[in-house]
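J.: Give me a 3D structure for the following:
(chains A and B)
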Amino acid sequence: MSEAGKRYELVPYEDRYRDDVLRLRNVFWGIAAEWNAEHFAWQQEQNPCFDGHLIYLAVRDGEVGGMRVLQQSEWEAGGPPRRFRAPCFTGTVVQPEHRNQGLFAGLTRFAESDLARRGYPCVLNLSAGPATYMSSLAAGWRAIGALQPLVRRPRVVGEGLRHRAARTLIRLAARARRGADGQAASPRLRCSEAAKLVAESPWDGRIRPVRSEAYLRWRFRDPSSRYTFFHLDRAGRLDGYVALQRRASPLSLGPCNVVDWVLRDPDDWPALMQGAIRHAEGLQQPLVIWSATLSAAQQRWLREAGFEDAARTGPLARSLPTVLVRMLGEAAGQDTWEVAGQRIDRASGWDLRMLCSDAF
Amino acid sequence: MSAGRREELRALVLSLLEEAEKEPEGEIGDQTSLIQSGLLDSLELLQIAEWVSDRLGAPLDLSTVDVREEWDTIAGMADFLEARGARS
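T.: Residues are numbered from 1 along each chain as shown, chains lettered A, B, ... in the order given. The predicted structure is shown next:
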């Protein structure tokens, strides 16, 4: 930190800072007041892996000048699977009058040092914007490569039908409630069955989140999002599900994101995805999925189904979105960054879905 | 690497520092640490990434770059551009 920056006290979160943290989230991240406190409690305290708030603050003269916030997460990798916890950075605030004093770097180092002391092997960031991306690389973090979002745009309702748009959309939306193979759209995941499905379904050992029943129940209660699920049932047994996410807002505009799926039989992928496609068509919204860690066959199927590379511009167009990783402790000095036998700094080590990111 | 490229980079770095109202201690030489010393931060680095992408004629996949090491100095950035076949 700069000389001026040294006047700040860097501290872990305490409950006396709760109102400050909520205010900063509201002002700088635009988290709507009506669900700010609820989202904070969901992200931190209701997280099934909660073992203390993961928030670090820079305080000067009793005022919180900046903060870095993480979300707890648990992962598994390898065969037999080994589990590990790796907190994910979710956001940063440095108030305008406290900028250019090295608070971002100071808070990051403070957080990393505390988390290393607490025994975490690594930290992650699955929602970095351009500025955080660059400053993280400059601080020695690594990026696994772009997650290559694919988007499928809805077929446009004809010009001649515009005057009947409302009626058409209502009809399409009603149709979208039923997916392929008679799958019905549901606002709730059958979490107990889904967790059992995860345990029984094939998996190649790449790093993935631990989808326990408690995790699934918590994850899909994020008050900032709305989720829709398609369940694939056969002979009274859950054989697959896909989860779609949209931003929670009164108008619910914006893309429909494929945030998670699990299949007992990989051949059911088209059937499951058709449900998602029909749902997005019904809503007349783009459907988006991260493709970087999908199999070649899945990527091919998506392109044949009308998905294409999402248009991105700017100098980081080929770099974002991504996963930023950082080993903690002595292991940070090694060339190869491995946890539970998997490379964490290569896309090939991960089985990634938007579910893993706090942004969805 | 041509001296011209290094001068171009030096001018870019100096203009970014001036814009950010940062005063380097001493001259910015070819081997002056810019990133590890904390002189450049994320906003300046973003603009450098944009400039580099422009010179390369395409967006860059930064996961293939060790920014902290390869872009830490004017000489490092110039070598990087030469290795990637940047246009003049």
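
J.: What pLDDT does the model give A:Pro250?
T.: Listed pLDDT for A:Pro250 reads 67.

J.: now the helices for chain B?
T.: B:3-19, B:42-56, B:67-70, B:74-83 (DSSP state H).

J.: now swap in the stretch 1-150 of chain A and tell me
T.: All helices of the stretch 1-150 of chain A, identified by DSSP state H, counting those that start in this stretch, fall at A:18-29, A:33-43, A:103-117, A:130-138.

J.: Is it possible to get a markdown table of these that adds distance to A:Gln285?
T.: Where C-beta positions appear, they are placed from N, C-alpha and C, glycine not excepted. Listed next are these as a markdown table, based on distance: least, C-beta to C-beta, whole Å:
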| stretch | distance to A:Gln285 |
| --- | --- |
| helix A:18-29 | 24 |
| helix A:33-43 | 22 |
| helix A:103-117 | 35 |
| helix A:130-138 | 25 |
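
J.: ok, which residues in chain B are in contact with chain A?
T.: Those residues of chain B that sit near chain A, judged by C-beta under 8 Å from any C-beta of the partner chain, are B:20-22, B:35, B:38, B:40-43, B:45-46, B:49-50, B:52-54, B:58-65, B:67-68.

J.: Select only the buried ones of the residues you listed in ChimeraX?
T.: Buried residues among those (16 or more other C-beta atoms under 10 Å in any protein chain shown), as a ChimeraX selection:
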select /B:35,40,41,42,45,46,49,50,52,53,59,60,62,63,65,67,68
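
J.: Contacts only, for the residue nearest the centre of chain B.
T.: By C-alpha atoms, centre = their mean, the mean C-alpha position of chain B lies nearest to B:Met77, the distance being 5.0 Å. Residues counted as contacts of B:Met77 (C-beta atoms under 8 Å, 6 or more residues apart in numbering or on different chains) are B:Leu9, B:Ile48, B:Val52, B:Glu70, B:Trp71.

J.: same thing with A:Ala86?
T.: Going by C-beta under 8 Å, 6+ apart, the list of residues near A:Ala86 reads A:Ser73, A:Trp75, A:Tyr120, A:Pro121, A:Cys122, A:Val123, A:Leu124, A:Val339.

J.: thinking again about what came up before, looking at the helices of the stretch 1-150 of chain A, which is closest to A:Leu238?
T.: Of all the helices of the stretch 1-150 of chain A, helix A:33-43 sits nearest to A:Leu238, with 25.4 Å by C-beta to C-beta.

J.: Would you mind trimming the contacts of A:Ala86 to those in range of chain B?
T.: Within the contacts of A:Ala86, nothing lies near chain B by C-beta under 8 Å from any C-beta.

J.: So which of those residues is the closest to chain B?
T.: Set against chain B, the nearest of the contacts of A:Ala86 by C-beta to the nearest C-beta is A:Leu124 (14.3 Å).

J.: Just flag the most distant two among the contacts of B:Met77.
T.: Most distant of the contacts of B:Met77, by C-beta to C-beta, are B:Leu9 and B:Glu70, 12.9 Å apart.

J.: quick one, which of the two is more surrounded?
T.: B:Leu9 (26 against 14; other C-beta atoms under 10 Å in any protein chain shown).

J.: Burial check on residue 80, number of neighbours?
T.: Just so you know, I chose chain A. For A:Pro80, using other C-beta under 10 Å, the count is 6.

J.: could you do chain B instead?
T.: For B:Phe80, using other C-beta under 10 Å, the count is 19.

J.: who's in contact with it?
T.: Taking C-beta under 8 Å, 6+ apart, one finds B:Val52, B:Val65, B:Glu70, B:Trp71 in contact with B:Phe80.

J.: a markdown table please, covering those residues and showing pLDDT and distance to A:Val258.
T.: Converted to a markdown table, the contacts of B:Phe80 look like this (pLDDT from 0 to 100; distance: C-beta to C-beta, whole Å):
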| residue | pLDDT | distance to A:Val258 |
| --- | --- | --- |
| B:Val52 | 93 | 33 |
| B:Val65 | 92 | 30 |
| B:Glu70 | 96 | 35 |
| B:Trp71 | 96 | 35 |
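
J.: ok, what's across the strand from the nearest residue to A:Arg7 once chain neighbours are set aside?
T.: In space, and not counting its chain neighbours, A:Arg7 is closest to A:Arg60: 5.7 Å by C-beta to C-beta, 6 or more residues apart in numbering or on different chains. A:Arg60 forms beta bridges with A:Glu63, as assigned by DSSP bridges.

J.: Now do the same contact list for A:Arg60.
T.: Per C-beta under 8 Å, 6+ apart, neighbours of A:Arg60: A:Arg7, A:Tyr8, A:Glu9, A:His98.

J.: what's the distance between the closest residue to the second one other than its chain neighbours and A:Met134?
T.: Nearest-residue entry for A:Tyr8: A:Ala58, 4.4 Å, with adjacent residues in sequence omitted and distances by C-beta to C-beta, 6+ apart. If you measure A:Ala58 against A:Met134 using C-beta to C-beta, to the nearest Å, the figure is 20 Å.

J.: near chain B, which residues of the stretch 101-250 of chain A show up?
T.: So the stretch 101-250 of chain A meets chain B at A:102, A:104-105, A:130-135, A:137-140, A:142-146 (C-beta under 8 Å from any C-beta).

J.: Apply 10 Å and report the result again.
T.: A:102, A:104-105, A:129-146 (C-beta under 10 Å from any C-beta of the partner chain).

J.: List only those of those flagged as buried.
T.: Judged by 16+ other C-beta under 10 Å, buried ones among those: A:102, A:104-105, A:130, A:132-146.

J.: Can you name the secondary structure element that comes next after the helix or strand of chain A with the lowest mean pLDDT?
T.: Counting by mean pLDDT, DSSP states H and E, the weakest-scoring helix or strand in chain A turns out to be helix A:165-176, with a mean of 54. Next helix or strand after helix A:165-176 toward the C-terminus (DSSP states H and E): strand A:185-186.

J.: mean confidence score for the next helix or strand after that following strand?
T.: Beyond strand A:185-186 on the C-terminal side, the first helix or strand identified by DSSP H and E is helix A:191-200. Averaging pLDDT along helix A:191-200 yields 98.

J.: And helix A:191-200, what does it pack against?
T.: Judged by 3 or more C-beta pairs under 10 Å, 6 or more residues apart in numbering or on different chains; DSSP states H and E, helix A:191-200 is in contact with helix A:213-219, strand A:225-234, strand A:237-247, strand A:256-263.

J.: winner for burial among the ones you listed?
T.: Per-stretch averages of neighbours, counted by mean count of other C-beta atoms under 10 Å in any protein chain shown, single out strand A:256-263 among the helices and strands packed on helix A:191-200, with a mean of 24.

J.: Great, nothing more from me.
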